[in-house]
Structures are given as C-alpha cells and as structure tokens.
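1. Sequence and predicted structure below; questions after.
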Amino acid sequence: MPNDQTNPTVGKTVINLPYTELDTFCVRYTGIINTQDYKDVCVDIGNAIIEKHGQLRMLIEYVDFLGWEDDAAELNLKTIFYQAPFATRLAYINPTERAMMKSRLILPPKILGVMRIYPAGELEEAVRWIKSNEPA
C-alpha cells in the first residue's frame, strides 16, 4: 500500500501523477490502456487509498488516449463499481466523448453531482479543485 508521499508509478499507459496524496488520486491515461498498467495503478493504488482513508478524490487526465484493451476495459468497469461508492469528487481533464457517455451511464448520481470537466492544459486548476472543498 502506498504511503501518503507515494512516488509516481509509471506504466506505459497509466501514470500515477505526483499530485496523488492522502485521499487524492491523480492519474494520466495515454495510448491504449492495458490490463497490467491499469491494475498496478488504478486498482492497487486506488483501493489502497480507500482502505486507508475511507474515501477517494479521483482526477483522470487524458493525454493522447487511444482506448482500452478488452480485458482492461472490463477491469475498469469492475473497478468503477467497487470504487465509485467511496468517491467524493471526480475531475476529468480532456476526456473523450465516449468516456463522458460511460460516466453518465454508470456513475451514481451523487458522483455526477461532484464532478468537473476541464479542457486539456488545465491540470494545475483541476488538482487545485480536486483537493479543495469548494462546490462542484
């Protein structure tokens, strides 16, 4: 389980950003997401944060994102269903239209009410908001 000053975990397709600390989890998706990268970062670190803090503030930045391998997409859905009840905030940076459609279809209304969408290049502002307590 990561400590509160976790060093970035870099996979080929999923990167744990250095802003991850305490109950805040910041990741970057790039390329075609594979199962191992997703498990190592989103599942293992996300679940460890939930275990330690009982909640999760999630920020996902899309940079040159190309989609999902089939098994990674399935694991993503399972992870969303497990982690979503613990989410207190959600921020997307430069999400694809498909990612937004999926979010609107499967996320609980309580999460959709504490979600913000940012354009590319707004990482610093998104991090500031995700760590704050200001309203969505």
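-> Now that the structure is in, tell me what you want to look at. Worth saying up front: this structure is predicted, and the values here are computed from it rather than measured.

2. contact partners of the longest strand along the chain?
-> With secondary structure taken from DSSP state E, the chain has its longest strand at strand 56-68. With contact meaning Cβ atoms under 8 Å, 6 or more residues apart in numbering, strand 56-68 is reached by 17, 19, 23-33, 46, 49-50, 76, 83, 86-96, 99, 120, 123, 126-127, 130-131. The way it works is simple: take the backbone N, C-alpha and C, and place the C-beta from them, glycine included.

3. Mind checking the pLDDT average for the next helix or strand after it?
-> From strand 56-68 onward toward the C-terminus, using DSSP states H and E, the following helix or strand is helix 70-83. Confidence for helix 70-83, expressed as mean pLDDT, is 97.

4. now for helix 70-83, which elements pack on it?
-> strand 24-33, helix 35-38, helix 44-53, strand 56-68, helix 97-106 (3 or more Cβ pairs under 8 Å, 6 or more residues apart in numbering; DSSP states H and E).

5. Out of those, the one nearest Met115 is which?
-> Ranking these by proximity to Met115 (Cβ to Cβ) places helix 97-106 first, at 7.4 Å.

6. packing partners for that closest one?
-> For helix 97-106, the helices and strands in contact under the criterion 3+ Cβ pairs under 8 Å, 6+ apart are helix 70-83, strand 87-93.

7. chain center to that helix, what's the gap?
-> Taking the mean of its C-alpha atoms, helix 97-106 sits 14 Å from the chain's own mean (Cα atoms, centre = their mean, to the nearest Å).

8. With distance to Leu112 and mean neighbour count added, can I get the helices and strands packed on helix 70-83 in a markdown table?
-> Listed next are the helices and strands packed on helix 70-83 as a markdown table, based on distance: least, Cβ to Cβ, whole Å; neighbours: other Cβ atoms under 10 Å:
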| stretch | distance to Leu112 | mean neighbour count |
| --- | --- | --- |
| strand 24-33 | 18 | 21 |
| helix 35-38 | 22 | 20 |
| helix 44-53 | 19 | 17 |
| strand 56-68 | 13 | 19 |
| helix 97-106 | 7 | 12 |
